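*Asks:* Quick one, structure for this:
(one chain, ligands or ions: 1)
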Amino acid sequence: VWAAKAWREGDPGGTRAGRRPRAGSVPTGFLDVDVTSAPLALECLYTPWAPGTDSDGAPTPQDCPRVFSAGLDLTEMCGRNPAHYAEYWKAVQELWLRTYLSSLVLVAAINGACPAGGCIIALACDCRVLADNPKYHIGLNETLLGITAPFWFKDAYVNTIGHRASEQALQLGYLFPPSEALQVGLVDQVVPEDQVLSTALSEMARWLAVPDHARQLTKNMMRKATADRLLRQRDADIQNFVSFICRDSIQKSLQVYLEKLRQRKG
Ligand SMILES: CC/C=C\C/C=C\CCC/C=C/CC(=O)SCCNC(=O)CCNC(=O)[C@H](O)C(C)(C)COP(=O)(O)OP(=O)(O)OC[C@H]1O[C@@H](n2cnc3c(N)ncnc32)[C@H](O)[C@@H]1OP(=O)(O)O
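*Replies:* I've put the predicted structure just below:
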């Protein structure tokens, strides 16, 4: 995720929000940053695990290739207490709202797998460029984990790919390979892997060429209703999440899924 303001101000290596991947593991989070208590400088929000910049100040490819984001950190949703789940979900909401409502131009340069929470952050951007690699799937696969995508994930999906495609993909937990993601409109461009960053930059330039105030007002006009829907029921959404995730059956499903992931690795 690229923040236009920092880019324009020549500070593409600014503070990064989020968690770095554990050694030998995939980047899951972007949520151990304390987005709830300190104002998140979205101007400085980058793909969290991007290593920074090269000598010219241009962003360099991620140090964790193959994965854009593995979505929300499942270990944050397993075996914890209700207060932890509530705080975690509030942070997830906050991250999404700030990204979705940002007045900046945000372009997602997706150079790896992008399931669930990863997809939802990409969807909060203005434009998505995906690397053409059949392993780089994108979508909301929650049902395959035995959980349900919250209504605002669903809303963002419907806004992007329409009702019927969302209904089908959500129920099936379908992860789209690049060609299908492009076809259904989930991403805007699919390009060879080594052109993701340059294409994202070109897209950024295209969006920045539009007068800022007009673009920002238009963006807000298009997104406000969706964001307001969550804003109106934030607390209820947190309570829903906590009671849902605390169920024994859901905990069991998540543990089984995590175990499968770990075994697959071995
Ligand atoms: C009525 C209803 C009301 C309310 C409902 C409300 C809310 C519920 C919904 C909550 C929303 C959740 C959204 C999410 O984002 S869930 C997470 C979904 N993510 C996934 O399914 C991705 C899983 N991961 C993978 O498919 C692969 O890891 C990936 C393709 C990304 C990368 O593959 P690779 O081969 O490179 O890595 P692995 O060897 O598989 O994994 C390495 C280690 O990373 C661990 N891992 C992977 N993903 C996660 C994750 N999301 N969270 C935590 N840990 C993860 C994996 O177990 C390996 O761990 P170690 O062995 O190294 O410990």
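*Asks:* Which element, helix or strand, includes A108?
*Replies:* Taking DSSP states H and E as the criterion, A108 maps to strand 106-110.
*Asks:* That strand close to the ligand?
*Replies:* No. Shown here: strand 106-110 not in contact with the ligand (C-beta under 6 Å from any ligand atom), separated by at least 12.3 Å. From N, CA and C alone the C-beta is placed, and that goes for glycine too.
*Asks:* so how far is the first residue of stretch 191-198 from its last?
*Replies:* One end of stretch 191-198 sits 10 Å from the other (C-alpha to C-alpha, to the nearest Å).
*Asks:* Look up phi and psi at G112.
*Replies:* Backbone torsions of G112, given as degrees, to the nearest 10, read phi 170, psi -180.
*Asks:* That one touches R66, doesn't it?
*Replies:* Yes. Counting by C-beta atoms under 8 Å, G112 does reach R66; the two are 4.7 Å apart.
*Asks:* residues in contact with the strand holding A108?
*Replies:* With contacts defined as C-beta atoms under 8 Å, 6 or more residues apart in numbering, strand 106-110 is touched by 1-4, 47, 68, 99, 121-122, 124-131, 136, 138, 187, 196-197, 199-200, 203-204, 207.
*Asks:* Okay, now the sheet partners of the next helix-or-strand element following that strand, with direction.
*Replies:* Remark: after strand 106-110, the chain's next helix or strand is strand 112-115, criterion DSSP H and E. When pairs are called by DSSP bridges, strand 112-115 turns out to pair with strand 66-67 (parallel), strand 138-139 (parallel).
*Asks:* Specify the local secondary structure of the most centrally placed residue in the chain.
*Replies:* Note on the chain: the residue nearest the mean C-alpha position is I121, at 2.1 Å, using C-alpha atoms, centre = their mean. Secondary structure state of I121, per DSSP: H, G, I helix; E, B strand; the rest coil, is helix.
*Asks:* Also Y174?
*Replies:* Following three-state DSSP, Y174 is assigned to coil.
*Asks:* can you pull the pLDDT of it?
*Replies:* Y174 carries a pLDDT value of 98.
*Asks:* Tell me which residues touch it, please.
*Replies:* For Y174, the contact set (C-beta under 8 Å, 6+ apart) comprises 139, 141, 168.
*Asks:* Of these, which is the most crowded?
*Replies:* In terms of neighbour count, G139 stands highest of the contacts of Y174 at 25 neighbours, by other C-beta atoms under 10 Å.
*Asks:* Give the partner strands of the helix or strand hosting L130 in its sheet and their orientations.
*Replies:* Assigned by DSSP H and E, L130 belongs to strand 127-131. With DSSP bridges as the test, strand 127-131 is paired with strand 106-110 (parallel), strand 189-191 (parallel).
*Asks:* chain center to that strand: distance?
*Replies:* Relative to its chain's centre, strand 127-131 lies at 12 Å (C-alpha atoms, centre = their mean, to the nearest Å).
*Asks:* Restricting the selection to alpha carbons, write that strand to PDB.
*Replies:* Extracted as PDB, the C-alpha positions of strand 127-131 are listed here (Å, rounded to 0.1, in the frame of the first residue of the first chain):
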ATOM      1  CA  CYS A 127      -6.700   0.700  -7.200                       C
ATOM      2  CA  ARG A 128      -5.100  -2.700  -7.200                       C
ATOM      3  CA  VAL A 129      -2.200  -4.000  -9.300                       C
ATOM      4  CA  LEU A 130      -1.600  -7.800  -9.000                       C
ATOM      5  CA  ALA A 131       1.400  -9.700 -10.100                       C
END
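*Asks:* Outside of it itself, list whatever touches it.
*Replies:* The contact list for strand 127-131 (C-beta under 8 Å, 6+ apart) reads 106-112, 114, 122, 136, 138, 178, 181-182, 186-193, 196, 199-200, 203, 207.
*Asks:* got any ranges where the stretch 1-150 of the chain has weak pLDDT?
*Replies:* 1-65 (pLDDT under 70).
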